[in-house]
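>>> Sharing a model prediction with you, sequence too.
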Amino acid sequence: MSDTTLGGLQTWLQRTLKWSIPVFYGRLFTPMPHAVPITLAVGTPIRVPAPSAPGAEPSPELVERLHKEYVAGLRATFDKYKAAAG
């Protein structure tokens, strides 16, 4: 932004006021951001058993099994939709 008009204005304000003022612009030179496409992929849910008692800690084996299931589902979802996301 240093060679643009807004960058020059920002530099001038910073040198004059000895304080940095962010100069930003979006759609129609407003703070509204530019629209960009977003791809959202949702995978299959993971079934997690209810705890045996309220506040009970899960066993390390259960945590490890659910973590492996989560990572496998995450990779499957990524591989399925990576072409659509670019």
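Done, it's in. Residues are numbered from 1 along each chain as shown.

>>> how close does P33 sit to P60?
Per CB to CB, to the nearest Å, P33 is found 44 Å from P60. Backbone N, C-alpha and C define where each C-beta goes, glycine included.

>>> Please disregard the earlier target; I meant I46.
Taken as CB to CB, the span from I46 to P60 is 17 Å.

>>> Tell me which of the two has more neighbours.
For I46 and P60, the more surrounded residue by other CB atoms under 10 Å is I46, and the numbers stand at 12 against 8.

>>> I'd like the distance between the more buried one and P54.
Counting by CB to CB, the gap from I46 to P54 is 21 Å.

>>> what's the answer for L13, then?
L13 sits 58 Å away from P54, taking CB to CB as the criterion.

>>> who has more neighbours, those two?
A count of neighbours by other CB under 10 Å puts L13 above the other of L13 and P54, at 15 against 6.

>>> where's that one, which helix or strand?
helix 5-17 (DSSP states H and E).

>>> for Y70, same thing?
With elements delineated by DSSP H and E, Y70 resides in helix 60-85, which encompasses its position.

>>> what's that helix packed up against?
Judged by 3 or more CB pairs under 8 Å, 6 or more residues apart in numbering; DSSP states H and E, helix 60-85 has no packing partners among the helices and strands.

>>> Measure how far the helix or strand bottoming out on mean pLDDT in the chain is from the centre of its chain, please.
Evaluated with mean pLDDT, DSSP states H and E, the helix-and-strand set of the chain has its lowest mean pLDDT in helix 5-17, which scores a mean of 79. For helix 5-17, the distance between its averaged C-alpha position and the chain's averaged C-alpha position is 31 Å (CA atoms, centre = their mean, to the nearest Å).
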